[in-house]
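A.B. asks: Whatever this is, show me its structure:
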Amino acid sequence: MIQVFRLFTTLFSKPILKAIAILCLVLALSFTYFAFIQSAVPDRGLTLTPEGAVRVRVLPGSNVSSVAKQLSEQGLWVNNVSMQVVVRGLFLGKKLKAGVYDFAPGSSLAQVALKMARGDSVKLSVTLVEGWTFLQFKQAVEAQKELKKETQGLTGQQILKKLGAKETHPEGLFFPNTYIFEPGDTDLQIYQKAYGAMQEKLNKAWASRDNDSPVKSPYDLLKLASIIEKETGHPEDRGLVSAVFNNRLKLGMKLQTDPTIIYGLGFAFDGDLRKKDLLRDGPYNSYTRYGLPPTPIAMPGLGALMAAAQPANSKAIYFVAKGDGRSAFSETLVAHNEAVRKYQLKK
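C.D. replies: Predicted coordinates for the structure are as follows:
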């Protein structure tokens, strides 16, 4: 301790060293002020969130100077000098990340810089559920207030045109998943992500399809997968449900699946499928028409896509719901009628 004191007094006894020591002390105190005392976010002024925080967007490719400018323009008390001192002092010069950030009133420049270095930006999400229709997906996207609406009032066909898609009907073309976005992103970006994801998953399923598959195109595979998605109450049944429909297509049988009729009825469906609905012909009536419907009837997940491409090894051509989420599968009409009596008629 005595030696340190002697060194200190020796340094300060020389004018030049004394000046350098004082300058270092001033710089250290200045840095401390900028980093830990000065408030970057005002207690009053611009607030963009219900909690009273200032919400700012930092663009990709921004350096420290441009970050300071962007923050200042969006309501924070920041200047280039103070930002440079804090960021360089904390060794964060190349670590600031683009994104949307919320800063509470009273946040210091150090807190602002550290939050940006962590990439602790505002993240929101919208979920497309397996088995949803395009209309349900569109409603979920439109309900996101933080998304900039570029497709408001557009039809599904018009949205596909904006995406550069070759298809003209949107059903089935968007992959079920949770899509993360930042405030200010566009709804078109969500559609683009979901559309691109479905193209990727569909191509993967198509490339892995069985050699004897009766499905002739990726789009037909998507149609079949959508039916499997709607017909399956339990994931473990997907392969067998797929086997039934694949076997029927090979045999030239009608698919006779209720979900296609329900989809064709649209808003006219009241929850009760009647005999007259089965008899009324239409493009989605798989009881009156052979083959697959003209379009998918829902958004299938990866499980349904892979099941459509790789059905279970089964000769079953019938199935009936057992009432517990599973199905009973049969190879003959006699066995099927027995299953109907057991599980549906309770006889």
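A.B. asks: any idea where the strands of the stretch 151-300 of the chain begin and end?
C.D. replies: Listed in chain order, the strands of the stretch 151-300 of the chain (DSSP state E, counting those that start in this stretch) span 178-181.
A.B. asks: Dump stretch 336-344 to PDB, restricted to CA.
C.D. replies: Output of stretch 336-344 as PDB, limited to C-alpha atoms (Å, rounded to 0.1, in the frame of the first residue of the first chain):
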ATOM      1  CA  HIS A 336     -66.300 -52.900 -42.800                       C
ATOM      2  CA  ASN A 337     -70.000 -53.300 -42.200                       C
ATOM      3  CA  GLU A 338     -69.200 -55.300 -39.100                       C
ATOM      4  CA  ALA A 339     -66.900 -52.500 -37.900                       C
ATOM      5  CA  VAL A 340     -69.700 -49.900 -38.600                       C
ATOM      6  CA  ARG A 341     -72.100 -52.000 -36.500                       C
ATOM      7  CA  LYS A 342     -69.600 -52.300 -33.600                       C
ATOM      8  CA  TYR A 343     -68.300 -48.700 -33.500                       C
ATOM      9  CA  GLN A 344     -71.000 -46.600 -35.000                       C
END
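A.B. asks: Buried residues in that stretch, which are they?
C.D. replies: The neighbour-count check on stretch 336-344 (16 or more other Cβ atoms under 10 Å) flags 336, 339, 340, 343 as buried. C-betas here are computed from N, CA, C, even on glycine.
A.B. asks: And for stretch 118-132?
C.D. replies: Counting neighbours by 16+ other Cβ under 10 Å, one finds that the buried residues in stretch 118-132 are 121, 122, 126, 128, 130, 131, 132.
A.B. asks: Of the buried residues of stretch 336-344, which belong to strands?
C.D. replies: Members of those lying in strands (criterion: DSSP state E): none.
A.B. asks: for the residues you listed, which one is nearest residue 173?
C.D. replies: Closest approach to residue 173 among these (Cβ to Cβ): residue 336, at 33.9 Å.
A.B. asks: ok, now how distant is the closest one from residue 88?
C.D. replies: The gap separating residue 336 from residue 88 is 76 Å, by Cβ to Cβ, to the nearest Å.
A.B. asks: do residue 64 as well
C.D. replies: In this view, residue 64 and residue 88 are 8 Å apart by Cβ to Cβ.
A.B. asks: who's in contact with residue 184?
C.D. replies: Residue 184 makes contacts with 57, 100, 146, 148, as judged by Cβ atoms under 8 Å, 6 or more residues apart in numbering.
A.B. asks: Residue 282 too?
C.D. replies: Contacts for residue 282 were tallied using Cβ under 8 Å, 6+ apart; they are 261, 264, 288.
A.B. asks: Including pLDDT, could those go into CSV?
C.D. replies: Below are these laid out as CSV (pLDDT from 0 to 100):
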residue, pLDDT
261, 95
264, 93
288, 95
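A.B. asks: Which ones among those residues map onto helices?
C.D. replies: Of the positions in the contacts of residue 282, 261, 264 sit in helices, assigned by DSSP state H.
A.B. asks: Only the buried subset of the contacts of residue 282, as a ChimeraX command please.
C.D. replies: Here is the ChimeraX command that selects the buried residues among those (16+ other Cβ under 10 Å):
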select :261,264
